[in-house]
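A.B. asks: Quick one: sequence plus predicted model below, questions after.
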Amino acid sequence: MKAVIMNQYGDSQVLEYVEDFPKPELKADDVLIEVKAAAVNPIDWKMRQGYLKEMIEIPFPFILGLDVSGVVKEVGKEVTMFKIGDEVYARADTSR
């Protein structure tokens with residue numbers, strides 16, 4: 001999958017475009033969304049700069065743009081509220 005990632009805190013120079021970023025490992029209660037749109041909000045640049053690292057620990061590499069909309073591509077075995085093909089919007093989990 002394509003992604004813009006960061007491997008460390010800093011200014012916009014720490015952002016890196018990657019063509020072949022590994023697909024996330026799906027847990028039993030997860031859905032995998034094919035992102036059609038993502039928003040970059042103040043929390044994203046504050047996280048990138050490291051201003052929130054005392055409050056929000058992020059694993060590197062990390063993908064910013066936590067607010068997304070798209071289509072469900074896969075569902076975990078315990079997911080009952082969503083099915084493949086559903087159009088959704090979400091705020092991604094910062095710990096993953």
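C.D. replies: Alright, I've got the coordinates.
A.B. asks: where along the protein do the strands fall?
C.D. replies: Remark: strands assigned in the chain by DSSP state E are 3-6, 15-18, 31-39, 62-63, 67-75, 87-91.
A.B. asks: Throw those into JSON lines and include mean pLDDT and distance to E54, thanks.
C.D. replies: Yep, even glycine has a C-beta here, placed from its N, CA and C like the rest. JSON lines is the format used below for the strands of the chain (pLDDT from 0 to 100; distance: least, Cβ to Cβ, whole Å):
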{"stretch": "strand 3-6", "mean pLDDT": "94", "distance to E54": "18"}
{"stretch": "strand 15-18", "mean pLDDT": "96", "distance to E54": "22"}
{"stretch": "strand 31-39", "mean pLDDT": "95", "distance to E54": "24"}
{"stretch": "strand 62-63", "mean pLDDT": "92", "distance to E54": "16"}
{"stretch": "strand 67-75", "mean pLDDT": "97", "distance to E54": "23"}
{"stretch": "strand 87-91", "mean pLDDT": "96", "distance to E54": "21"}
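A.B. asks: which ones are touching F60?
C.D. replies: Taking Cβ atoms under 8 Å, 6 or more residues apart in numbering, we find F60 in contact with 6-8.
A.B. asks: quick one: it from V14, how far?
C.D. replies: As judged by Cβ to Cβ, to the nearest Å, F60 and V14 stand 10 Å apart.
A.B. asks: ok, now V75?
C.D. replies: In terms of Cβ to Cβ, V75 sits 33 Å off from V14.
A.B. asks: now swap in E78 and tell me
C.D. replies: In this structure, E78 and V14 are 36 Å apart, going by Cβ to Cβ.
A.B. asks: wait, K53 sits on Y9?
C.D. replies: Yes: taking contacts as Cβ atoms under 8 Å, K53 lies within contact range of Y9: 6.7 Å.
A.B. asks: how near is A92 to T80?
C.D. replies: In terms of Cβ to Cβ, A92 sits 21 Å off from T80.
A.B. asks: so how far is the first residue of stretch 21-40 from its last?
C.D. replies: Start-to-end span of stretch 21-40 (Cα to Cα, to the nearest Å) is 19 Å.
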